[in-house]
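1. Have a look; sequence and predicted model below, questions after that.
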Amino acid sequence: MKRRHALPFMLWSAVALAGPAADRDAVSQVASNYLRAWYTGDGALMKTTLHPQLAKRMPTGKRNAALDDISASALVMATDAGYGKPAADDAKRNDVTVLDLRGDVAFVKVVGDRMTEYLQLARTDDGWSVVNVLFGSHS
Amino acid sequence: MNRYLVTLALLISGAAPAAPCTPKQCNAIGAVVADYLANDARRVGRATLAGTAQRRVDPATLQLEEIPNGKLQPAAPSRTIAVLDVDGDMAAVAVYDVSRVDYLQIGMAGGHWKVINTLSEQFAH
């Protein structure tokens, strides 16, 4: 790294790595709402957490299958239909970890009872929302 | 793997008590990220899928934009690749350079690690 670039980069990294506390709180709240909406079958709450251009995908593993997209509207409908409502004896796990946050983008891991999801959130005119999701069963 | 100034930094996130990936996983993930960041359509194509979502936030307008496939602005040569987390067939990776961040969601497809979704932001100096 060129010397003249090193100091600004280090300062930028130090400030950006943690992200302002208010932003981290906001991002955590959106991610928590995303999981809570799914568990409680609250489509209206789910809609508040999603960007309209959501791309939610699952790895195909060893298969060469094409990616299946779950759009924002499909996820809201599935939430309303109660597909995420747990059985009575499920633990309702709801772990949210902000992996990283820089500027107007954030990377979050959420772990529910059955699934692990990586969320990418963006801050747009409408605030923080989930833009991209990669999800799968617990490893 | 890019042999210039790419640094593969295995950041141990606050939630992860151990390294996020095995050496074999880290090598495989690092290789696909290097392909994705290369200014080479063949390598980028190898690292992505037909439907890879590439988005960026414009910090001036706070609008989300789609990046046409293969039109990613090459990353600066001095960049840091951080594997934030790995869980089964999925990995969360961040690429930092002096004025930009790329977040990559990487997953297994067809038995290979592929970049499935990305979100980026370019910061003004």
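-> The structure has been received and is ready for your questions.
2. switch to C-alpha atoms for all contacts and neighbour counts from now on
-> Will do.
3. do the helix of greatest length in chain A and chain B meet at all?
-> For chain A, the longest helix by residue count, based on DSSP state H, is helix A:21-40. No: remark: helix A:21-40 sits outside contact range of chain B, by C-alpha under 8 Å from any C-alpha of the partner chain, the gap being at least 13.8 Å.
4. Setting aside sequence neighbours, what's the nearest residue to A:Tyr118?
-> With sequence-adjacent residues excluded and distances taken as C-alpha to C-alpha, 6 or more residues apart in numbering or on different chains, A:Tyr118 is closest to A:Lys109, at 4.6 Å.
5. partners of that neighbour in the sheet?
-> Beta-bridge pairing for A:Lys109 (DSSP bridges): A:Thr97, A:Tyr118.
6. who's in contact with it?
-> Counting by C-alpha atoms under 8 Å, 6 or more residues apart in numbering or on different chains, A:Lys109 makes contact with A:Asp95, A:Val96, A:Thr97, A:Val98, A:Leu99, A:Thr116, A:Glu117, A:Tyr118, A:Leu119.
7. most neighbours, which of those?
-> Neighbour counts for the contacts of A:Lys109 (other C-alpha atoms under 10 Å in any protein chain shown) peak at A:Tyr118, which has 28 neighbours.
8. Is it correct that that residue is in contact with B:Gln105?
-> Yes: in terms of C-alpha atoms under 8 Å, A:Tyr118 counts as a neighbour of B:Gln105; the distance is 7.4 Å.
9. now for the longest helix of chain A, which elements pack on it?
-> Helices and strands touching helix A:21-40, by 3 or more C-alpha pairs under 8 Å, 6 or more residues apart in numbering or on different chains; DSSP states H and E, are helix A:43-49, strand A:95-102, strand A:105-111, strand A:127-137.
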